[in-house]
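Visitor: 3D model of this:
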Amino acid sequence: MNEGIMEIMRSRHSVRQYLDKPIPREVRDQLDAFAAELNRESGLNMQILYDEPECFNSRLARYGRFENAKNYIALVGRKGESLEERCGYYGEKLVLRAQELGLNTCWVALTHGKSRAVVAPGEREVIIISLGYGRTQGSPRRSKSAAEVSDASAADAPEWYRRGVEAALLAPTAVNQQRFRFERSGDRVTARAGRLGTNLKVDLGIVKCHFALAAGEENFTWA
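Guide: Reported below is the predicted structural model:
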């Protein structure tokens, strides 16, 4: 496992207040290139919009306490059963890359106005992610224990599985609900979303992304 990715996960917190500071061209180029790579891999149409303040110039955004939110990632893809989970999985990969590049982010489901993403017929915009240089680096939130979301405390649980669950608990979820469950049988891992809550499929994709990056995809297969 890349230990660096765990440090990035630990340092990433939701940030809603940003500095009035543009994202430089060299950072945009790196982020855009990674988004294009992820789009090819996932079949999504993720779009990064820079210097576009109108999406967060709304009553809902003010209710969500957003300030100077002028850049965002729109998670767009063709309608289908797996769309929300894929948006969570690949959107979080982009979030972690943004954190590595010195940017801050926040997943935003409702507290924003209309985005300027291009949504083609048959596509849907699932969720957006604000992006920029935070006034602060944010702060960690209270987390559930590994035993509450998995069987990682079992005596025979391998180290890669424990690491994966630890990383999943570092993942952002809507209103910090952490409504997911991991279970292992040999090298096969099952991840399930809770039954009640908001954006559960997006959250499941996010936590699966964290798990896979920390556990090492060579060590397991999804059941």
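Visitor: who's in contact with the residue most central in space within the chain?
Guide: The centroid of the chain falls nearest to residue 92 when counting by Cα atoms, centre = their mean (2.9 Å). With contact set as Cβ atoms under 8 Å, 6 or more residues apart in numbering, residue 92 has these partners: 171-172, 205-206, 209-210. All C-beta atoms are positioned from the backbone trio N, CA, C, and that covers glycine.
Visitor: try 6 Å this time
Guide: Residues near residue 92 by Cβ atoms under 6 Å, 6 or more residues apart in numbering: 206, 209.
Visitor: doesn't it fall inside a helix?
Guide: Yes: checked against DSSP: H, G, I helix; E, B strand; the rest coil, residue 92 lies within a helix.
Visitor: just the pLDDT for it.
Guide: With respect to pLDDT, residue 92 scores 98.
Visitor: what distance do you get for it to residue 122?
Guide: From residue 92 across to residue 122, the span is 24 Å (Cβ to Cβ, to the nearest Å).
Visitor: and if you look at residue 208?
Guide: Residue 208 is 25 Å from residue 122, by Cβ to Cβ.
Visitor: which one of these two has more residues nearby?
Guide: Shown here are residue 208 and residue 122; by other Cβ atoms under 10 Å, residue 208 has more neighbours (23 against 9).
Visitor: so what's residue 158 closest to, chain neighbours aside?
Guide: Nearest residue to residue 158 in three dimensions, chain neighbours excluded: residue 219, at 7.6 Å (Cβ to Cβ, 6 or more residues apart in numbering).
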